[in-house]
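A.B. asks: pasting a predicted model and its sequence here:
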Amino acid sequence: MLTAARLGAAALSAALLTGIAAGPALADVSPPAVPDGLYGKSDPTYDGVWRQALALTALTAAKVTPADSAVGWLTGQQCEDGGWPSYRAAGAGCDPKSEDSNATAVAVQALIALGGHQPAVDKGVAWLKANQNADGSWAYNPGNPGDANSTGLAVSALFAARTDPASVAKAGSGGAAGKNAFDGLARFQLGCAAPADQRGAFAYQPDAATGALAPNTLASAQAALAAAGGHLPVAGSVRADTEPKPLACADGSAPATVPHAEAGEAVGAYLSAQLTGGGDHLTLTTPGAAPSPDYTATAWAALALSQSGHHDQAAGAVDWLDQQEAAWTKDGSDAGATATLLLVSEAAHRDTAELTGKLTALGPTPKATTTSDHATPAKKKTDSISQYWLIGVGLLIGIGGGLLLSLQRKRNPKL
């Protein structure tokens, strides 16, 4: 597994979380064959578990019962100690150094959504607890400094498993009490000491030399769902009547770190402002590359805002993602992107029938499909109109039949 030292923290996070193979090109190494049961046909080396977990979560939320082979592939990737790597070939052993918190966190959320996999879920949660840093954070690979993205995903997995993140803390050296998961998340969030337009944002990691925090859109979007108390799939059942509340910084007495109770609204206000100023999408800035639209960050921002009930602030991003579907999902061939977009549409209560069909086609034939309550509102509206039309026709027939019988009785009193 590639490390932050080889790619750079921000570049690694962007590559891994968008499902892009981030490794160097090796002419003499062929990508592994895509195994049966896995969604998508691209090289699974860097995103196999990630895209499978997202696909299973999104399809389950769409009332699709995935094939046993699809679920079995994900559970079969879990190592004996409870963690998941990004991918391991059939028959290959587990290397603890290759297991990662991102794959483990989304796999745990997928199995919880599926139901019936409690032993695997418990082992996954135990792995997350065992590999938490003493400062409360999580690293992509165990043993490294934590980052906001990985910590946010781990906290969301704890929420999904109904485990209070405030109770999850690993003892430090010498038995000293460790920081809890909320503390770990808070260490990456910019507070009142930051410029007003950066407050509430998350940094990927503190600067190694100074400890300073610099806003990172992908880290902010990824951590925002956890800061809002959410996990996958986002139900989107809450609706707030107001915009996200910016961090209150009236005077110098404001706390150095953002309190957990204010974290979700603070990052929501930051993301909402970034979306408004960026044409309803966030921008990817990677050292050495030109800025470009960030589909993944925009999607996670929409999920977080929907989780907080700020659907009006998420709506523009959802519309933009819908318009960019072909480019982002590579015309429906990218399983990870398609699954993420489906999760966004489900959280926003949009029509998901077409996306569900495209994602289903990228994997094994599902066991069963049941129309969800908000999967096809257009069809439901049509069905409703058809029902009323039939009732109306029935009433007209009944009235007409009654009038005809009355006339016949007048003509022939014996009837």
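C.D. replies: Received, thanks. Numbering: from 1, shown residues only.

A.B. asks: the helix or strand containing residue 327 - what's its average pLDDT?
C.D. replies: Using DSSP states H and E, residue 327 falls within helix 325-329. The average pLDDT within helix 325-329 is 97.

A.B. asks: for whatever helix or strand comes next after it, name the packing helices and strands.
C.D. replies: Next helix or strand after helix 325-329 toward the C-terminus (DSSP H and E): helix 335-347. Applying 3 or more Cβ pairs under 8 Å, 6 or more residues apart in numbering; DSSP states H and E, we find helix 335-347 packed against helix 48-61, helix 295-307, helix 311-323, helix 325-329, helix 353-360. No exception for glycine: its C-beta is placed from N, CA and C like everyone else's.

A.B. asks: relative orientation of the third one and helix 335-347 in degrees?
C.D. replies: Taking axes from the mean of the first three to the mean of the last three Cα atoms, to 10 degrees, one finds that helix 311-323 is oriented at 140 degrees with respect to helix 335-347.

A.B. asks: ok, residues contacting helix 311-323?
C.D. replies: By Cβ atoms under 8 Å, 6 or more residues apart in numbering, the residues outside helix 311-323 that reach it are 236, 239, 243-244, 268, 272, 275-276, 279-281, 295, 298-299, 301-302, 305-306, 328, 341, 344-345, 347-348, 350.

A.B. asks: now that helix: buried residues?
C.D. replies: 311, 313-318, 320-321 (16 or more other Cβ atoms under 10 Å).

A.B. asks: and what of the fourth one?
C.D. replies: Residues of helix 325-329 classed as buried under the neighbour-count rule (16+ other Cβ under 10 Å) are 325, 328-329.

A.B. asks: before we move on, the earlier item: type out the ChimeraX command that picks the buried ones from the contacts of helix 311-323.
C.D. replies: Remark: buried members of the contacts of helix 311-323, expressed as a ChimeraX selection using 16+ other Cβ under 10 Å:
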select :236,244,268,272,275,280,281,295,298,299,301,302,305,306,328,341,344,345,347,348,350
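
A.B. asks: can I see the domain layout of the chain?
C.D. replies: Following automatic domain parsing, one gets these domains for the chain: 4-375, 378-415.

A.B. asks: pick the most buried one from the ones you listed.
C.D. replies: domain 4-375 (a mean of 20; mean count of other Cβ atoms under 10 Å).

A.B. asks: ok, residue 183 - contacts?
C.D. replies: By Cβ under 8 Å, 6+ apart, the neighbours of residue 183 are 135-136, 169.

A.B. asks: now swap in residue 33 and tell me
C.D. replies: For residue 33, no contacting residues are found, by Cβ under 8 Å, 6+ apart.

A.B. asks: and it, that's in a strand?
C.D. replies: No. Residue 33 is assigned coil when assessed by DSSP: H, G, I helix; E, B strand; the rest coil, not a strand.

A.B. asks: so what's it scoring on pLDDT?
C.D. replies: Model confidence at residue 33 (pLDDT) stands at 85.

A.B. asks: how far away is it from residue 67?
C.D. replies: Distance check for residue 33 against residue 67: by Cβ to Cβ, to the nearest Å, it reads 19 Å.

A.B. asks: ok, now residue 296?
C.D. replies: Here the criterion is Cβ to Cβ. By it, residue 296 lies 27 Å from residue 67.

A.B. asks: got a pLDDT number for the nearest residue to residue 367 once chain neighbours are set aside?
C.D. replies: Nearest residue to residue 367, sequence neighbours excluded (Cβ to Cβ, 6 or more residues apart in numbering): residue 65, at 4.3 Å. Residue 65 carries a pLDDT value of 98.

A.B. asks: so what's residue 65 up against?
C.D. replies: Here residue 65 is in contact with 366-370 (Cβ under 8 Å, 6+ apart).

A.B. asks: the closest residue to residue 327 other than its chain neighbours and residue 246, how far apart?
C.D. replies: Leaving aside its chain neighbours, residue 327 sits nearest to residue 295 (8.0 Å; criterion: Cβ to Cβ, 6+ apart). Distance, residue 295 to residue 246, by Cβ to Cβ: 26 Å.

A.B. asks: cool, residue 198 as well?
C.D. replies: 11 Å.

A.B. asks: touching both of these two, which residues are there?
C.D. replies: Contacts common to residue 198 and residue 246, judged by Cβ under 8 Å, 6+ apart, are residue 270.

A.B. asks: quick one: least confident helix or strand in the protein?
C.D. replies: helix 4-7 (a mean of 34; mean pLDDT, DSSP states H and E).

A.B. asks: ok, residue 347 - contacts?
C.D. replies: Each residue near residue 347 by Cβ under 8 Å, 6+ apart is listed here: 233-236, 302-303, 306-307, 314.

A.B. asks: which parts of the stretch 51-200 of the chain are helices?
C.D. replies: Under the criterion DSSP state H, counting those that start in this stretch, the stretch 51-200 of the chain contains helices at 68-77, 101-114, 118-130, 148-160, 181-186.
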